[in-house]
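Colleague: Everything below, folded, please.
(2 chains)
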There are 2 protein chains.
Amino acid sequence: MDENSFSFNHGVDIENDGGSYLERKESSYLERRESNTSMYSDREGVVREPLLKSRINTTSQIAIVGANVCPIESLDYEIIENELFKQDWRSRKKVQIFQYVFLKWALALLIGLSTALVGFFNNLAVENIAGFKLLLTSNLMLADKYYQAFAAFAGLNMILAICAGVLCALIAPAAAGSGIPEVKAYLNGVDAHSILAPSTLLVKIFGSVFGVAAGFVVGKEGPMVHTGACIANLLGQGGSRKYHLTWKWLRFFKNDRDRRDLITCGAAAGVAVAFRAPVGGVLFALEEAASWWRSALLWRTFFTTAVVAMVLRSLIQFCKSGKCGLFGQGGLIMFNVNSANPSYNTADLLAIMLIGVLGGILGSLYNYLVDKVLRTYSIINERGPAFKILLVIVVSLLTSCCAYGLPWFAACTPCPTDLDVQCPTIGRSGNYKNFQCAEGHYNGLASLFLNTNDDAIRNLFSSTNKNEFHISALFIFFAAVYFLGVITYGIAIPSGLFIPVILAGASYGRLLGRLLGSFASLDVGLFGLLGAASFLGGTMRMTVSLCVILLELTNDLLMLPLMMLVLLISKTVADSFNKGVYDQIVKMKGLPYMEAHAEPYMRQLVASDVCSGPLISFSGVEKVGNILHALRMTRHNGFPVIDEPPFADAPELCGLVLRSHLLVLLNAKKFTKNRVLTRTEYLRMFHAFDFGKAGSGKGLKVEDLDINEEEMEMYVDLHPITNTSPYTVVETMSLAKAAVLFRELGLRHVCVVPKTPGRPPIVGILTRHDFMPEHVLGLYPDIHPHK
Amino acid sequence: MDENSFSFNHGVDIENDGGSYLERKESSYLERRESNTSMYSDREGVVREPLLKSRINTTSQIAIVGANVCPIESLDYEIIENELFKQDWRSRKKVQIFQYVFLKWALALLIGLSTALVGFFNNLAVENIAGFKLLLTSNLMLADKYYQAFAAFAGLNMILAICAGVLCALIAPAAAGSGIPEVKAYLNGVDAHSILAPSTLLVKIFGSVFGVAAGFVVGKEGPMVHTGACIANLLGQGGSRKYHLTWKWLRFFKNDRDRRDLITCGAAAGVAVAFRAPVGGVLFALEEAASWWRSALLWRTFFTTAVVAMVLRSLIQFCKSGKCGLFGQGGLIMFNVNSANPSYNTADLLAIMLIGVLGGILGSLYNYLVDKVLRTYSIINERGPAFKILLVIVVSLLTSCCAYGLPWFAACTPCPTDLDVQCPTIGRSGNYKNFQCAEGHYNGLASLFLNTNDDAIRNLFSSTNKNEFHISALFIFFAAVYFLGVITYGIAIPSGLFIPVILAGASYGRLLGRLLGSFASLDVGLFGLLGAASFLGGTMRMTVSLCVILLELTNDLLMLPLMMLVLLISKTVADSFNKGVYDQIVKMKGLPYMEAHAEPYMRQLVASDVCSGPLISFSGVEKVGNILHALRMTRHNGFPVIDEPPFADAPELCGLVLRSHLLVLLNAKKFTKNRVLTRTEYLRMFHAFDFGKAGSGKGLKVEDLDINEEEMEMYVDLHPITNTSPYTVVETMSLAKAAVLFRELGLRHVCVVPKTPGRPPIVGILTRHDFMPEHVLGLYPDIHPHK
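Modeller: Below you'll find the model as predicted:
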């Protein structure tokens, strides 16, 4: 049929339940594919301000996400397969399934491969830049040029810091910070602006290299997770559309579910690279990052991290031959403590419980301080890029002063005689730094401060020399690292939280081990490991994934029961004070994260209590002008469609139509003069993928439409693009139950229908914002939130 | 108000949306607590026969579950907290929350503790019984009394086998087999008859000890998982009600969600004990056992397995002093291969891929054969317990003949001179069995056959002596174990699948390693490990959990990339042939397991296509006789309640009422002469926990009711026990989408409502059976299942 001939087949398509399979099939890809998608509406204007905290935190790595730039993703779980199986059912099915399955695995492979390469490059660059810097400093010190040494050290640090800061502040502010909270929010369905953009990726990679090499107390682990997610996003989109790099096959991945799967794989690959822990990566993605999980995804994530493990292994093998400059210390296991003897007695268990309790308290205090510092920094950061860079410079100077200045307070220790390694290490990077000491002596504090973070951790975990670090040195290092870690997260550089926490935790654990020396018989290196575990448990609040990551980091399986005990205690203690650091940052950034459970007070409310009006709905065949007006006046992402006489006997809910689909439909300008149904013609005009989800910020906007006055008066049939079976709840359903439905199915809209017949067919629409505690408690301030 | 005074307050409670909070609160615990519960109805009679295969498999460990004895659990996720927070809201809240939280953790602790103790007892008993048997045999052989030795060996085996068989066949048929499929089905919502009963627990524990000690090629791992689940169930119910052991506090756990959580913890503890792998236990419970997962559950499971790890460690420490008889070989790591050198080159990688491909093929063949053998055995087993025991005897004899007979074909090998251990081992259990050989020689095949399964695996993984086992010995052992493993699963003893698969896989891997000796440089012990991994991947089809379990079994982190590669390949290869062995058994037993994804053909149907009538519904105030008639005539577990004039202006769906609640209500006999509402009075008559879920088979039955003729004519108000907001779908919703809703929210009933107004308010009810492929494809045989 010609696409311009519209026939009047009125009355056929309204009630679908008696239709033939063929008819159903033709219309259903749209019906189901897009069920429940986005509504980001004006009507929550009342609550948006406190929720997103846009007044308090607007810049830097907190609140880079504003209310206006934060589209929320649909999490419907029945998307791609409909496209595959419904569209062009007969002819192209097999080819499409092959393309889809092939691409799915090819992309997982590519994500693993590229993340491993990027991560390895990151490692290599950091080790070489920082190694060069440290060598230069120690050579100058050897020549007794102490001031020049400080100048070189602090100067190089500052140059690197400025590079990182400039990249972050000017090119991609979204690259600042850890990135894990944003990835977590994305996987929960909140697509923050440009968080996975190519520019963010580039800045994240280089910013992280510069930031870590600049000697900041930051890690590369969080940024690696973010990098992995960005790589996955980029690969899934086939590169930037701007440069015509998209590939036709990738149209299958233009939906939320597949994007999210890819990004989960990317995040897992990031952890796998950062810690060289493939299984830990899978578990991290499962426990911390992802909000929904299927066994198929577990399987694909596992595949990705297996690729990472194999690529990493061969790269490390290659570097062992010495072709990678100063790189080449660690093998596949970063901090091998396997040699230590893990026997322990009751006194040790008591000591370990003490570690857990104190670690939990210090960990939650860390979260509290990070929160306070972030809020303070956001006031500075929102004044502009110059202030951001200034803050970076100040923190860099402070870090350099600590690292170079504090070792002067430490006493020199004579080298132990029974060492396998050179002591003091002169003229190369390594342990037992000579610093200002006489020959045959070393400065323990300098060994910790004037080293890369990885080497410092390795030293703290080492069990060869129990007295390697003096108690005072450990205390000074612990206090300095704890303080620097708190003040560094929040400046405009990519900054992971794992390494600062591990550093502080390991020094705290080793310190406690030394203090309890006579009481407990465990090795101080193992105390360091358990201290790190307790701090991680106290800040991040993960369990199984931390356990496996630490296991893969240290290769010490016999410590597993102790590690589990410490994690249990520290998490329990810390949970009684505040939330995990990532949850805290997600909340602070104002990202509307849906928790897995409904809040207790939601049981006191019903669904209709929170949906606020006015509800804007369309008729089955609607005037173009009305649609355009609604699109311009509101930012709703979904509109109910109501069939009225003559298309139905009584007003009935036809379904839900999405803003993005309306825009595509209006853009095609297939309007009719009269109020008629035009269903089948439409299907031939459009290709299924015309309605596929565009990349962030790449979809049509209402401003792009060019509709003239005459067209405004014409009609358009919305039935073909209406999702005719949205998920509904009855108005008297408890809000908690509606929240469970919303969250478990990953919806964007739930239609609230009336309980009694004879009323308008829809009462309201519930969106993500309606479930946010700020909104609900704003409407009902008398409710006690914790009951 | 007196419970006998009924006032006529008609018209108040029908429409709830304008009610006050207080009113809502009072009525809502029931409304929400029981949303969507069970319907196991007659109307699926058409499909039940083929679905449950009751004709083919009715006895032994397949199809112990008949259609009549298989209630299906509600998986609603909003249960206990309503009881807690709604009932007696003001007065007892804090105490109840404390009780609930305290009990939750105390139960997790108890589950961990008891499972660890039971598992350790199991281990100890097996090692001592089997050790004694093997010692006796070898002592007789040393005296050249070969026939007596065989008689003792086969006789002891048979006695032990008969003990196990009698226990299983006569006391608890549900204890036969692995138990993992049943636990998996339970966690999916299918409560098979007496699968978690105390008798099953006892038989499982002792049957497993006897079965493993009897030398069968079976493991104790699957039974341990089942044991853990039974222990959890028993503890959660506070012991048997029969012996007045229930505890009042435990009423909080009388709901599906908490039961299921406890049983997940139990299953995890089982794996943790069986493999001494706490993290592997958590992951097994997550990947294989559980159908729904929350982070809170992860955390509790982790706690349970941490308890297991610590208890196990101290028990093993205790046994190291030699107080446990013949026990005491393995430490916390069962098969330590950490010493082997894990360097490998490209040729090794090729060899490993070959292992993976062949392992996948052999693994899926194993599944296929197990399936065939189970179907054959079920014909024998259903003839009665005597035939079951006969089958056990036959298999036991066959096993004894293989184990004692086959080593005669192996040549004697001279003992290597550079060993740390005694060779040949004489007069004690151990490696290097002398068997028929002359002094200074050992029989490799006897070392594998005449050992416990654990020791055989340890031998196969060992890397100290590359040529310990001759190629022919490995081949014979592999073939025998593969064959015996296939024919043993299905007889009436508790029989795990892990150990047979690991045994066959390890011998296959080591054999391949020997064959590829000149080509690949990897150690043969590592080849054995990789072979075991490939077989496990090929039969069980798990990924991350197998990886971690194998890691914890062998403590060889550097093999991780290779292990991941092998698992990936073997799972991919095997998946192209058939399903995993547990899924296969679940299906064969006819348990209506809901898959996580909807089948492709479901997209071609809509919800109303599969709900079959007639629909039995009640009026808001219904005649007692009608209810009783419906309860007697059908086995529906849920009935829609429809409000009609004068209680509503037009017929409207009031909600869903459950059979179990109707029985409690009728049992209380609070009826009225006239058709009136009696809402508030009811709430004072009943205690919330009166409606709590009873233990399996312990609830009221319709036969227990004693209603006289006069009462039959009276009325009862169903509103107080009606769930007024069941989840609904519109009749035109795609079946696939309805299935996603059903599965993700863990429902038992979904009400199908009409699309157009003016029709009866409910079209039908969808239950688990309506989504079963057998039902759908039975109704629509023309649909192509794979499209």
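
Colleague: for chain A, which residue is closest to the average position?
Modeller: In chain A, the centroid-proximal residue (CA atoms, centre = their mean) is A:Val183; its distance is 1.5 Å.

Colleague: Look up which helix or strand it falls in, please.
Modeller: Per DSSP states H and E, A:Val183 falls inside helix A:180-188.

Colleague: Residues touching that helix, excluding its own?
Modeller: Applying CB atoms under 8 Å, 6 or more residues apart in numbering or on different chains, the external contacts of helix A:180-188 come out as A:65, A:73, A:174, A:192, A:195-196, A:222, A:225-226, A:229, A:260, A:263-264, A:267, A:288-292, A:497, A:582-583, A:585-586, A:589, A:591, A:593-594. The way it works is simple: take the backbone N, C-alpha and C, and place the C-beta from them, glycine included.

Colleague: Now go through these and say which are in helices.
Modeller: Taking DSSP state H, the ones among the contacts of helix A:180-188 that sit in helices are A:Gly222, A:Val225, A:His226, A:Ala229, A:Arg260, A:Ile263, A:Thr264, A:Ala267, A:Tyr582, A:Asp583, A:Ile585, A:Val586.

Colleague: following the longest helix along chain A, which helix or strand comes up?
Modeller: Counting residues, the longest helix found in chain A (DSSP H) is helix A:93-142. Next helix or strand after helix A:93-142 toward the C-terminus (DSSP H and E): helix A:146-166.

Colleague: Distance from the chain centre to that following helix, please.
Modeller: Its chain's average C-alpha position is 31 Å from that of helix A:146-166, according to CA atoms, centre = their mean, to the nearest Å.

Colleague: Any idea how many residues pack against A:Ser608?
Modeller: For A:Ser608, the neighbour count with other CB atoms under 10 Å in any protein chain shown is 22.

Colleague: check contacts around it.
Modeller: Counting by CB under 8 Å, 6+ apart, A:Ser608 touches A:Glu731, A:Thr732, A:Val752, A:Val763, A:Gly764, B:Asp17.

Colleague: measure it to B:Ile642 for me?
Modeller: In this view, A:Ser608 and B:Ile642 are 21 Å apart by CB to CB, to the nearest Å.

Colleague: what's the helix or strand for A:Ser199?
Modeller: Counting by DSSP H and E, A:Ser199 is found in helix A:198-213.

Colleague: And the strands in chain A?
Modeller: In chain A, the strands defined using DSSP state E lie at A:413-414, A:441-442, A:618-619, A:621-623, A:638-643, A:652-658, A:715-717, A:728-730, A:750-753, A:764-766.

Colleague: Now mean neighbour count too, for these, in CSV please.
Modeller: Output for the strands of chain A, formatted as CSV (neighbours: other CB atoms under 10 Å in any protein chain shown):
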stretch, mean neighbour count
strand A:413-414, 16
strand A:441-442, 20
strand A:618-619, 18
strand A:621-623, 20
strand A:638-643, 25
strand A:652-658, 26
strand A:715-717, 23
strand A:728-730, 25
strand A:750-753, 24
strand A:764-766, 25
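
Colleague: Output those in a markdown table; the columns should cover distance to B:Thr376 and mean pLDDT.
Modeller: Shown next, in a markdown table, are these (distance: least, CB to CB, whole Å; pLDDT from 0 to 100):
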| stretch | distance to B:Thr376 | mean pLDDT |
| --- | --- | --- |
| strand A:413-414 | 75 | 84 |
| strand A:441-442 | 74 | 84 |
| strand A:618-619 | 63 | 90 |
| strand A:621-623 | 64 | 89 |
| strand A:638-643 | 56 | 89 |
| strand A:652-658 | 53 | 86 |
| strand A:715-717 | 61 | 87 |
| strand A:728-730 | 50 | 89 |
| strand A:750-753 | 51 | 90 |
| strand A:764-766 | 55 | 90 |
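
Colleague: Tell me which of those strands lies nearest to A:Leu362.
Modeller: Distance to A:Leu362, taken as CB to CB, is lowest for strand A:413-414 among those, at 27.0 Å.

Colleague: That closest one: partners in the sheet, and parallel or antiparallel?
Modeller: Partners of strand A:413-414 in the sheet, by DSSP bridges, are strand A:441-442 (antiparallel).

Colleague: which residues does A:Gly360 contact?
Modeller: With CB under 8 Å, 6+ apart, A:Gly360 has these contacts: A:Ser534, A:Gly537, A:Gly538, A:Ile569, A:Ser570, A:Lys571, A:Thr572, A:Val573, A:Ala574.

Colleague: Where does pLDDT dip in the stretch 501-650 of chain A?
Modeller: The stretch 501-650 of chain A contains residues with pLDDT under 70 at A:613.

Colleague: Around chain B, which positions in it sit nearby?
Modeller: Counting by CB under 8 Å from any CB of the partner chain, the positions of the stretch 501-650 of chain A adjacent to chain B are A:543-544, A:547-548, A:551-552, A:555, A:557-558, A:560-561, A:564-565, A:568, A:571, A:596-598, A:600, A:603-604, A:606, A:608, A:648-650.

Colleague: ok, now with 6 Å
Modeller: A:Thr543, A:Val544, A:Cys547, A:Val548, A:Asn555, A:Leu557, A:Pro561, A:Met564, A:Leu568, A:Ala596, A:Pro600, A:Ala650 (CB under 6 Å from any CB of the partner chain).

Colleague: most surrounded residue in the residues you listed?
Modeller: Most surrounded of those: other CB under 10 Å gives A:Val548, at 30 neighbours.

Colleague: what residues are up against the closest residue to that residue other than its chain neighbours?
Modeller: Leaving aside its chain neighbours, A:Val548 sits nearest to A:Gly280 (4.4 Å; criterion: CB to CB, 6 or more residues apart in numbering or on different chains). A:Gly280 is in contact with A:Val548, A:Ile549, A:Glu552, counting by CB atoms under 6 Å, 6 or more residues apart in numbering or on different chains.

Colleague: Please report how far A:Glu703 lies from chain B.
Modeller: Separation of A:Glu703 from chain B (CB to the nearest CB, to the nearest Å): 34 Å.

Colleague: Repeat that for A:Phe483.
Modeller: Per CB to the nearest CB, A:Phe483 is found 31 Å from chain B.

Colleague: hang on, the earlier thing: just want the angle from the longest helix of chain A to helix A:146-166.
Modeller: Helix A:93-142 and helix A:146-166 are oriented at 160 degrees to each other (axes from the mean of the first three to the mean of the last three CA atoms, to 10 degrees).

Colleague: Helix A:93-142 - contacts with which helices or strands?
Modeller: helix A:146-166, helix A:198-213, helix A:221-236, helix A:256-275, helix A:295-318 (3 or more CB pairs under 6 Å, 6 or more residues apart in numbering or on different chains; DSSP states H and E).

Colleague: do that again at 7 Å, thanks
Modeller: Using 3 or more CB pairs under 7 Å, 6 or more residues apart in numbering or on different chains; DSSP states H and E, the elements in contact with helix A:93-142 are helix A:80-86, helix A:146-166, helix A:198-213, helix A:221-236, helix A:256-275, helix A:295-318.

Colleague: where does the stretch 651-787 of chain A have low pLDDT?
Modeller: In the predicted model, the stretch 651-787 of chain A carries pLDDT under 70 at residues A:679-698, A:785-787.

Colleague: Near chain B, which residues of it are found?
Modeller: Proximity of the stretch 651-787 of chain A to chain B, by CB under 7 Å from any CB of the partner chain, involves residues A:652, A:724-725, A:727-728, A:730-734, A:736-737, A:740-741, A:744-745, A:755-758, A:787.
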